[in-house]
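[1] Have a look at this prediction, sequence included:
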Amino acid sequence: MNPTRQAPALLMASNPFVRGYDNLRIERLLLITYEDDCPPCFRPVHDIQAHLPDDELQLFPCLLNDDFALISEGQSIPNDLDERCQSTGLVRQVIYAVIGEILNERHHLGDLYSLEEAQATVNHLSFETGHYSRAWEISTAHLPEETMLYLEEWVSNFAPRQTGLLFELFTLPDYCGIGCKLIGTPWTDENLLNIEGNRYSSLRQEQLDAGTPEALVNVLYLAALADVRLLIFDPDAAVLDGLAVYNE
């Protein structure tokens with residue numbers, strides 16, 4: 001199959017431009033032992049006891065089911081919640097789990113033993129994994145020869161031209177490179193509806209109707225979906241693993 005003909009849905013499934021995690025968050029969980037022949041389990045404390053500090057959770061007996069736990073010592077538990085809990089256990093440790101998402105898929109990144117440690121980890125991951133890495137330099141091998149000729153012809157026109165298609169091209173003559181400024185990223189339906197009033201499918205069709213090569217449209221879509229702002233095609237740059245290669 002010609003890689004330039006991949007549908008957007010397929011391209012989204014494995015986006016090599018994606019770095020780091022979205023929607024980083026912290027979940028407080030209780031590590032609970034119960035019944036001698038059962039392995040320890042993790043449960044969130046029920047909302048009615050979410051205000052309890054760690055020292056009023058750890059090493060306290062609890063009631064639990066498949067969804068939540070309730071501290072049973074020194075706490076008033078409504079009858080309806082009591083009846084929903086089938087087991088009793090002991091909270092051995094309060095855990096702060098760091099959770100992130102990649103393309104809407106949940107990932108458990110690790111467990112910390114204090115809220116401060118978890119917050120520091122989230123801050124570090126947020127800084128190091130993509131929010132500030134919005135410029136990419138990739139090989140021109142990711143575009144067919146005819147697409148590179150299209151780009152070279154476009155930027156060789158000395159009169160500045162705007163595409164009006166949420167990307168603008170510019171040249172890097174000293175390095176034989178061509179750059180692209182992506183606008184309005186990420187190109188998700190939700191974001192584009194807010195800024196353009198149209199879904200991505202409409203933008204894609206406008207780009208194709210304007211004569212933009214489909215191979216370029218596909219690469220720009222992947223980059224914009226990962227919130228890339230600057231994309232440079234350079235013959236001396238490295239090939240990006242996972243992205244279609246046409247010539248090396």
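    Looks like it came in fine.
[2] Quick one: low-confidence residue ranges for the protein.
    1-13, 127-133, 158-162, 247-248 (pLDDT under 70).
[3] Show me what the top strand by length along it is packed up against.
    For the chain, the strand reaching the highest residue count under DSSP state E is reported as strand 87-102. Judged by 3 or more CB pairs under 8 Å, 6 or more residues apart in numbering; DSSP states H and E, the packing partners of strand 87-102 are strand 22-33, strand 41-43, strand 61-64, strand 69-71, strand 105-112, helix 115-128. (Each C-beta comes from the backbone N, C-alpha and C, glycine too.)
[4] got the contact list for the spatially most distant residue from the centre of the chain?
    For the chain, the residue at maximal distance from the C-alpha centroid (CA atoms, centre = their mean) is Gly74, at 41.9 Å. For Gly74, the contacting residues are 56, 60, by CB atoms under 8 Å, 6 or more residues apart in numbering.
[5] picking that back up, quick one, which of the helices and strands packed on strand 87-102 is nearest to Ile138?
    Judged by CB to CB, the one of the helices and strands packed on strand 87-102 that comes nearest to Ile138 is helix 115-128, at 20.6 Å.
[6] Give me the residues contacting whichever helix or strand comes after that closest one.
    Using DSSP states H and E, the helix or strand that directly follows helix 115-128 along the chain is strand 135-139. Contacts with strand 135-139, where a contact means CB under 8 Å, 6+ apart, come from 17, 177, 223, 228-235, 237-240, 243, 245, 248.
[7] can you do 6 Å?
    Applying CB atoms under 6 Å, 6 or more residues apart in numbering, the contact partners of strand 135-139 are 228, 230-232, 234, 237, 239-240.
[8] Any of those buried? List them.
    228, 231-232, 234, 237, 240 (16 or more other CB atoms under 10 Å).
[9] so what's the closest residue to Pro40 other than its chain neighbours up against?
    Leaving out its chain neighbours, the residue that sits closest to Pro40 by CB to CB, 6 or more residues apart in numbering is Thr33, at 5.1 Å. Contact analysis of Thr33 by CB under 6 Å, 6+ apart lists 40, 89-90, 92.
[10] Compare these and tell me which is most surrounded.
    Counting neighbours by other CB atoms under 10 Å, the top entry in the contacts of Thr33 is Gly89, with 22 neighbours.
[11] Apart from its chain neighbours, what residue comes closest to it?
    Spatial nearest neighbour of Gly89, excluding adjacent residues (CB to CB, 6+ apart): Tyr34 at 3.1 Å.
[12] Next, count neighbours for the one you found.
    Applying other CB under 10 Å, we find 18 residues neighbouring Tyr34.
[13] ok, so what distance separates it from Leu63?
    Separation of Tyr34 from Leu63 (CB to CB, to the nearest Å): 10 Å.
[14] Ala237 too?
    59 Å.
[15] Identify the residues contacting the longest strand of the chain?
    Contacts for strand 87-102 (CB under 6 Å, 6+ apart): 21-34, 54, 57-58, 60-64, 107, 109-112, 115, 118, 121.
[16] Distance to Pro213 added to the helices and strands packed on strand 87-102, as a markdown table?
    Putting the helices and strands packed on strand 87-102 into a markdown table (distance: least, CB to CB, whole Å) gives the following:
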| stretch | distance to Pro213 |
| --- | --- |
| strand 22-33 | 30 |
| strand 41-43 | 50 |
| strand 61-64 | 58 |
| strand 69-71 | 56 |
| strand 105-112 | 31 |
| helix 115-128 | 34 |
